[in-house]
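Novice: Following is a predicted model, sequence given first.
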Amino acid sequence: METPLTRLVGVRHPIVQTGMGWVAGPRLVSATAEAGALGILASATMTVDRLREAIREVKSRTDAPFGVNLRADASDAGDRVRVMIDEGVRVASFALAPSRELIAELKDAGVVVIPSIGARRHAEKVAAWGADAVIVQGGEGGGHTGEVATTVLLPQVVDAVEIPVVAAGGFFDGRGLVAALAYGAAGVAMGTRFLLTSDSTVPDAVKARYLAATVRDVTVTRAVDGLPHRMLRTDLVDALEHSGRLRALLQAVRRAAGYRKLSGTSRRRMLREGRALRHGKDLSWSQVLLAANTPMLLKASMVDGRTDLGVMASGQVAGVIDDLPSCAELVERIMEEAEGARKRLLGNAL
């Protein structure tokens, strides 16, 4: 199935595996790429040196194109961009809108720039700055999310920009791919669906929690970092929602120390990023610290398997997923379902 997305990045299928922290590592990304979709390596939880190693590991496993997801507001974003350029990465994905200068640097080096956005105006801005495509995440998506549903946000963005638009938030099968294409998208991006594959390194006990979840078990909370965050409802989430300010602050300080040690982030950088997070938002300092070390809460679940101590970012689709295929099996199944849906539509039209 050829679309503007497949032509732009050189993959066989218009499917993107999103850059999930602690989840989208070399094994998952290379398996996705080998299946013909676009795998995105999550770099925010890596040091710069580890990012270089991870890129080389993916390249040792596959010759197919893949991308790297970056935090545009990170103080070392420029260093990470240079690593990507040096290592010949095909796609740069961003969770926050990159600057005009960063986009220009990447494009001059031949890297395809695909920011993720959650509002029409953001898509218009990065398109004007030279982005090659955008990933549009509606409110159904996991992690930090907005309030506008994909079916409302997607057509707005498709109508607003001339570059390829990739739909995210609520997709898990071939019917969704066809629906996104009908809206004018060039493909779909999925996180939770790729997390729940046999190629994902997430511990089996954590995957079991996702598979057991119903749609009602996926909630949006501000208790973790003061921003809307879609995740599985757990005892920890309930506890954070009912914690007093002092207890929340003590928890945040302890976890911030752990994240600093693991990531190599300096106290000065954490303070600087915390101030940036707080700017223009009504966040307490405990929420700022929790925002800065949310990666530690995710690591507790996604790496250590401690569902009692961590959080589990999740799209609403977790409630309708009930198996763990390989990436190859998943992509093949989605494309077969999409072809079946397309034929049914053509048959009904006749």
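Specialist: Cool, got the structure.

Novice: all helices in the stretch 251-350 of the chain, in order from the N-terminus.
Specialist: 267-278, 285-302, 327-349 (DSSP state H, counting those that start in this stretch).

Novice: quick one: low-confidence ranges for the stretch 251-350 of the chain?
Specialist: For the stretch 251-350 of the chain, residues meeting the criterion pLDDT under 70 lie at 251-293, 349-350.

Novice: I meant to write the chain there.
Specialist: The low-confidence ranges in the chain, as defined by pLDDT under 70, are 244-293, 349-350.

Novice: 80 instead, please
Specialist: Within the chain, the stretches with pLDDT under 80 are 225-226, 240, 243-296, 349-350.

Novice: Can you classify S93 by secondary structure?
Specialist: Put simply, S93 is strand when judged by DSSP: H, G, I helix; E, B strand; the rest coil.

Novice: What's opposite it in the beta bridge?
Specialist: Bridge pairing for S93 (DSSP bridges) gives the partners N69, I114.

Novice: and what of V136?
Specialist: V136 has these beta-bridge partners by DSSP bridges: I117, A167.

Novice: what about it, distance to V165?
Specialist: Distance of V136 to V165, computed by C-beta to C-beta, to the nearest Å: 6 Å. To be clear about C-beta, it is placed using only N, CA and C from the backbone, and glycine gets the same treatment.

Novice: Neighbour count for those two, which is higher?
Specialist: Taking neighbours as other C-beta atoms under 10 Å, V136 and V165 compare with V136 leading, 30 against 27.

Novice: Quickly list the domain ranges of this protein.
Specialist: 4-202+321-349, 214-313 (automatic domain parsing).

Novice: looking at those, which is buried most?
Specialist: Mean neighbours per residue, mean count of other C-beta atoms under 10 Å, is largest over those for domain 4-202+321-349, with a mean of 20.

Novice: From the chain's centroid, how far away is that domain?
Specialist: With C-alpha atoms, centre = their mean, to the nearest Å as the basis, domain 4-202+321-349 stands 8 Å off its chain's centre.

Novice: Can I take it that L181 is in a strand?
Specialist: No - read with three-state DSSP, L181 is helix and lies in no strand.

Novice: what's the distance between the closest residue to it other than its chain neighbours and S314?
Specialist: Spatial nearest neighbour of L181, chain neighbours left out: T3 (7.2 Å); criterion: C-beta to C-beta, 6 or more residues apart in numbering. From T3 across to S314, the span is 27 Å (C-beta to C-beta).

Novice: got it, and P203?
Specialist: P203 is 15 Å from S314, where distance means C-beta to C-beta.

Novice: Check D322 too.
Specialist: Going from D322 to S314 by C-beta to C-beta gives 14 Å.
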